[in-house]
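using only what follows, build the 3D model:
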Amino acid sequence: MASNNIVRNFFISFSFILVFSACTKVGTTEMGLGLLPPLDYFNTTDTSLDVITMTVDYPDTLRVLSGDYHVVGSITDDAVFGTTEATMFFQLKPDYFPFFVPGLRDSMEVDSAVLILSYKGFYGDSTKPVVLNLKRIDANTPLIVDSLKYASNYPELYNLKSDVAIANPYTLDFTHVRDSVYNKFEAASNQIRIPLNKSFSDLFIKGFDSTNAYHSDTTLRNYFPGFALTTDPSSNKNVLVQISLLDTNTKLALYYKSTSANTSSYKRDTAVVNFKFSTTDNGDANFIKRNTTGTELAKHLGKNVSDSLVYIQTSPGTMVKVKVPGLKSFSNKIIHRAELIAEQVPASIGANTLEAKLAPPNYLFLGAYDSVAKVIRNVPNDFDGVTGTATLSHFGGKVQFKSLQGYDNVATYNFSIGRYVQGVISRSDSVFDFRILAPVNDSIQFVPPRPYNTTSVVNYLSASSAGNQPAMGRVRIGGGTHSKFRMRLHIYYSDL
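I've put the predicted structure just below:
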């Protein structure tokens, strides 16, 4: 027993001396010693591998789904990324067919018809109001009830048009749009309320009720194909407005007075009927058109050499190609963590400029490019698929704001790819080029982690509270040759 105690005490003392005599070998790391394996304090070190970067087109065909926030507006003064134009087309319908406006027809008096839209926010400059124009969809270009039909960045393919204005231009004042609305029929806030012209109010409340228009959803589309919403180019040209079609705030409210019967007498009363949006019966299309001609981005797009500046725009937009040539010759180590670090290159301008108001994407995604199949796939063994916010939290890509190089609120994105790096240097796994993108409703080819990596499936990167909404976000990032905000692969390892 005595000999065992001597051995045990010697081992504890020797381990204590090793840890404290060798702890200075650990370099300064961004993750902190608390996240490194405790038994490896004495031999863990770090290094950074150079990367080659270039901006390339993001060949997506974004579909804005019914549940996504739709956008309307324009950004015309962005000298870095270029212009954006966004328009909306949609339908609203009653809850049932055949439909009729309740009440005694002979006594019915039209009050008003109001298009109410659920306001969800803005992107860009909200210091000036924006003017919304509401028109009817042209009957010669009907809206199809299939949101997957319309690729948002190719509006010219579908020839959707509008004809007559059905409301006066509506001035959206961002200082009051969140104000509460209280009336007999609702208590709400965050509403855009556009009164329809009298002729169309009459049409919805009395005119259609005396025709075949309300017989079915098909006949209603024939009489009224839907709404087209744009912004007036003479108003604020540097803001995109977010609208939710599925929110209960969005509806066409038909207000009228009519005599209704009850058990003892006839009473004249004010009533309302609401038409709403349905994912199964209503069509919608959200077109988002980008133009980078003559911009700073255009000068860097498609360069065949490593660039000091790279550009990422939330879909539809651009992405970044990344190569890590030093990984092939990196000797076998025990990899504790490997991070691809991307940092925003801030503009040297004031806080009140448009550049400062065009925020970066909520998250970026790092994918591996399969040059044989010519598709973007998951980073082997590290991205385990979209199962919720926990996956993104572990893998990385969620924007974080830091103080760097004398700037505050610098957007940074870190991606954890330690298992991939370990496989490359220990098992000679395939080396991939990477793509960094800001996806919305996109998909990748997903290959499960080893040892189940013999099959693949399509994995969707959809919009969510943890992800991106259409057209919201753009960021200029330091490339592999930038002097201050250099993109790099930072590796924490122990020698074998």
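
name the SS class of Ala356, please.
Of the three states, Ala356 takes helix under DSSP: H, G, I helix; E, B strand; the rest coil.

quick check: it touching Ser348?
No. Contact criterion C-beta atoms under 8 Å: Ala356 and Ser348 do not qualify, at 10.9 Å. Placement of C-beta: from N, CA and C, glycine included.

what about the two, which has more around it?
Ranked by neighbour count (other C-beta atoms under 10 Å), Ala356 and Ser348 place Ala356 first, with 14 against 7.

so how far is Ile477 from the more buried one?
17 Å (C-beta to C-beta, to the nearest Å).

do His215 as well
In terms of C-beta to C-beta, His215 sits 56 Å off from Ile477.

looking at the two, which one has more neighbours?
Neighbours per residue, other C-beta under 10 Å: of His215 and Ile477, the larger number sits with Ile477, 24 against 15.

wait, doesn't that one sit right on Gln313?
No. Using C-beta under 8 Å as the test, Ile477 is too far from Gln313 to be in contact (11.5 Å).

pull out the buried residues from the strand or helix carrying Ile194.
Assigned by DSSP states H and E, Ile194 belongs to strand 191-195. Applying a neighbour-count criterion of 16 or more other C-beta atoms under 10 Å, one finds 191-192, 194-195 buried in strand 191-195.

counting by contacts, list what that strand packs against.
strand 109-124, strand 130-137, strand 170-172 (3 or more C-beta pairs under 8 Å, 6 or more residues apart in numbering; DSSP states H and E).

quick one: residues contacting the nearest residue to Phe395 once chain neighbours are set aside.
Spatial nearest neighbour of Phe395, excluding adjacent residues (C-beta to C-beta, 6 or more residues apart in numbering): Phe383 at 5.1 Å. In this structure, Phe383 makes contact with 366-367, 391, 395, 446, judged by C-beta atoms under 8 Å, 6 or more residues apart in numbering.

just the buried ones from the residues you listed?
366-367, 395, 446.

I'd like those as JSON lines, with pLDDT appended.
Converted to JSON lines, the buried ones among the contacts of Phe383 look like this (pLDDT from 0 to 100):
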{"residue": "Leu366", "pLDDT": "95"}
{"residue": "Gly367", "pLDDT": "95"}
{"residue": "Phe395", "pLDDT": "89"}
{"residue": "Phe446", "pLDDT": "91"}
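
of these, closest to Ile137?
Among those, Gly367 lies closest to Ile137 (C-beta to C-beta), at 37.2 Å.

dump the residue contacts of the nearest residue to that closest one once chain neighbours are set aside.
Counting by C-beta to C-beta, 6+ apart, Gly367 lies nearest to Ile376, which is 4.1 Å off, once chain neighbours are set aside. By C-beta under 8 Å, 6+ apart, the contact set of Ile376 is 367-370, 435, 437, 444-445.

cool, and Asp495?
43, 333-334.

low pLDDT regions in the stretch 351-496 of the chain?
Confidence mapping of the stretch 351-496 of the chain against pLDDT under 70 gives the ranges 351-352, 386-393, 462-466.

the helices in it, which residues?
Assigned by DSSP state H, counting those that start in this stretch, the stretch 351-496 of the chain shows helices spanning 354-357, 389-395, 418-427.

can you pull out the strands in the stretch 51-200 of the chain?
With DSSP state E, counting those that start in this stretch as the criterion, the stretch 51-200 of the chain has strands at 52-57, 70-75, 83-90, 109-124, 130-137, 162-165, 170-172, 181-182, 187-188, 191-195.

the fourth one pairs with which strands, parallel or anti?
Meaning strand 109-124. Strand pairing for strand 109-124, determined by DSSP bridges: strand 191-195 (antiparallel), strand 238-244 (antiparallel), strand 251-261 (antiparallel).

what angle do that strand and strand 70-75 make?
Using axes from the mean of the first three to the mean of the last three C-alpha atoms, to 10 degrees, one finds that strand 109-124 and strand 70-75 are set 60 degrees apart in direction.

next: the third one.
Taking the same axes, to 10 degrees, strand 83-90 and strand 70-75 form an angle of 150 degrees between their directions.

list the contacts of strand 83-90.
The contact list for strand 83-90, computed with C-beta under 8 Å, 6+ apart, reads 70-76, 78, 137, 143, 155, 160, 162, 226-230, 240, 243, 245, 277, 282-291, 471.

swap the cut-off to 7 Å and go again
Outside strand 83-90, the residues that touch it by C-beta atoms under 7 Å, 6 or more residues apart in numbering are 70-76, 137, 143, 160, 226-230, 240, 243, 245, 277, 282, 284-291, 471.

so where's the protein shaky on pLDDT?
The chain contains residues with pLDDT under 70 at 1-42, 147, 260-268, 349-352, 386-393, 462-466.

domains for it, by residue range?
19-59+293-495, 83-291 (automatic domain parsing).

possible to save those domains as a markdown table with distance to Leu65?
Shown next, in a markdown table, are the domains of the chain (distance: least, C-beta to C-beta, whole Å):
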| stretch | distance to Leu65 |
| --- | --- |
| domain 19-59+293-495 | 6 |
| domain 83-291 | 6 |
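
closest to Ser66 out of those domains?
Nearest of those (C-beta to C-beta): domain 83-291, 4.5 Å.

follow-up on the earlier one: and which of the contacts of Ile376 is nearest Val424?
Using C-beta to C-beta, the contacts of Ile376 come closest to Val424 at Ala368, 11.2 Å.

that closest one: what's it in contact with?
Applying C-beta under 7 Å, 6+ apart, the residues near Ala368 are 377-380, 432, 434.

now it: closest residue in space, sequence neighbours ignored.
Leaving aside its chain neighbours, Ala368 sits nearest to Phe432 (3.7 Å; criterion: C-beta to C-beta, 6+ apart).

so the one you found touches Ser371, yeah?
No. Here Phe432 lies out of contact with Ser371, judged by C-beta atoms under 7 Å, at a distance of 8.1 Å.

with neighbour numbers in mind, choose between the two.
Phe432 (21 against 10).

that older thread, emit the ChimeraX select command for whichever of the contacts of strand 83-90 are buried.
To isolate the buried ones among the contacts of strand 83-90 in ChimeraX, judged by 16+ other C-beta under 10 Å, type:
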select :70,71,72,73,74,75,137,143,160,226,227,228,229,230,240,243,245,277,282,284,285,286,287,288,289,290,471
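
what's the end-to-end length of stretch 164-172?
Separation of the first and last residues of stretch 164-172 by C-alpha to C-alpha, to the nearest Å is 21 Å.

centre of the chain to stretch 97-114, how far?
Centre-to-centre, stretch 97-114 and its host chain are 40 Å apart (C-alpha atoms, centre = their mean, to the nearest Å).
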